[in-house]
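Colleague: The following comprises the amino acid sequence and a computationally predicted model.
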Amino acid sequence: MKIGIIGAMDIEVEELINSMENIKKETISKIDFYQGKLQGKDLVVAKSGVGKVQAALCTQTMILKYAPDTIINTGVAGSLSSDLDIADLVISDGVVQHDFDVSAFGKPVGMISEIDLIKIPCKKELVEKIEYSAKILEDTNVLVGTIASGDQFIASKEKKDYIVDNFNALCTEMEGAAIGHVCYINDVDFCIIRAMSDKADGSAHMDFPSFVEIAVDKSIKLINNFLRN
Ligand code: ADE
């Protein structure tokens, strides 16, 4: 069983990489892939870079080159729900691309043409395992639901409302649904784990870097719990 882990930014993966044993690094298409062991499990970890294209490029390469059984995407996200505060966790039961729109041709907003789906589902058993690993963390609010991705940092009430109204998503980020899309096409199980770093409404720009650190710490603890169990 090999697990692939993808984060968009250095801060989202560097602690995992630093904790791995027997590390082997390879660079493909300017992305560094680190193979090794953590908590006795075979891992391949990569920093994709920000956005859906980088995420898709990283995921497809990871699948073809390292054949992981499962891919987990970890990192931070903007909260779309009043039930989610900074550092709370969201685990995806499915992902949507909020910026995919061919409604001019009569399709519903978000319908992805090639696969005829709006929400790409995660496998239930994987979501349940990750949810268990999250719920044993102390002082952590965890919700399971839809995660919305798009090539935009969401920082206005209008865009936030658009995503909530159209997709009923719990949080928004810039990679998860691209990773889910590539995994779905390749029959690889996937799940997205995101800790809230902001409210996606432009209210906390000044605090973003410190919130990111707190949030990243939460998602790394969750990954370690998941690997241990
Ligand atoms: N990642 C963290 N916060 C985000 C936001 N508000 N929009 C998009 N990606 C994010």
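Modeller: Received, thanks.
Colleague: what are the bridge partners for the residue of the chain found nearest the ligand, then?
Modeller: Of all residues in the chain, residue 78 sits closest to the ligand, at 2.5 Å by C-beta to the nearest ligand atom. Quick note: C-beta positions are derived from backbone N, CA and C, even for glycine. As for beta bridges, residue 78 partners with residue 172, residue 198 under DSSP bridges.
Colleague: pretty sure it is in contact with residue 197, am I right?
Modeller: Yes - between residue 78 and residue 197 there is a contact under C-beta atoms under 8 Å: 7.1 Å.
Colleague: Just the buried residues of the helix or strand hosting residue 226, please?
Modeller: Using DSSP states H and E, the element containing residue 226 is helix 208-228. Across helix 208-228, burial judged by 16 or more other C-beta atoms under 10 Å covers 211-212, 215-216, 218-227.
Colleague: helices and strands around that helix, which ones?
Modeller: helix 10-19, strand 70-79, strand 89-97, helix 124-135, strand 189-198 (3 or more C-beta pairs under 8 Å, 6 or more residues apart in numbering; DSSP states H and E).
Colleague: Dump these to a markdown table, plus mean neighbour count and mean pLDDT.
Modeller: Listed next are these as a markdown table, based on neighbours: other C-beta atoms under 10 Å; pLDDT from 0 to 100:
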| stretch | mean neighbour count | mean pLDDT |
| --- | --- | --- |
| helix 10-19 | 17 | 91 |
| strand 70-79 | 26 | 95 |
| strand 89-97 | 27 | 97 |
| helix 124-135 | 17 | 95 |
| strand 189-198 | 26 | 95 |
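Colleague: As TSV, the ones you listed with distance to residue 39 would be great.
Modeller: Below are the helices and strands packed on helix 208-228 laid out as TSV (distance: least, C-beta to C-beta, whole Å):
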stretch	distance to residue 39
helix 10-19	9
strand 70-79	13
strand 89-97	19
helix 124-135	11
strand 189-198	16
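Colleague: Show me how far the worst-scoring helix or strand of the chain on mean pLDDT is from its chain's centre.
Modeller: Across the helices and strands of the chain, mean confidence by mean pLDDT, DSSP states H and E is lowest for helix 208-228: a mean of 86. Relative to the chain's own centre, helix 208-228 is displaced by 12 Å; criterion: C-alpha atoms, centre = their mean, to the nearest Å.
Colleague: outside of it, which residues touch it?
Modeller: 3, 5, 11-12, 15-16, 38-41, 43, 72, 74-76, 86-87, 89, 129-130, 133-134, 136-137, 140, 193-198, 204 (C-beta atoms under 8 Å, 6 or more residues apart in numbering).
Colleague: cool, stretch 152-163 as well?
Modeller: Contacts for stretch 152-163 (C-beta under 8 Å, 6+ apart): 78, 80, 98-99, 148, 150, 169, 172, 174, 198, 200-202, 205.
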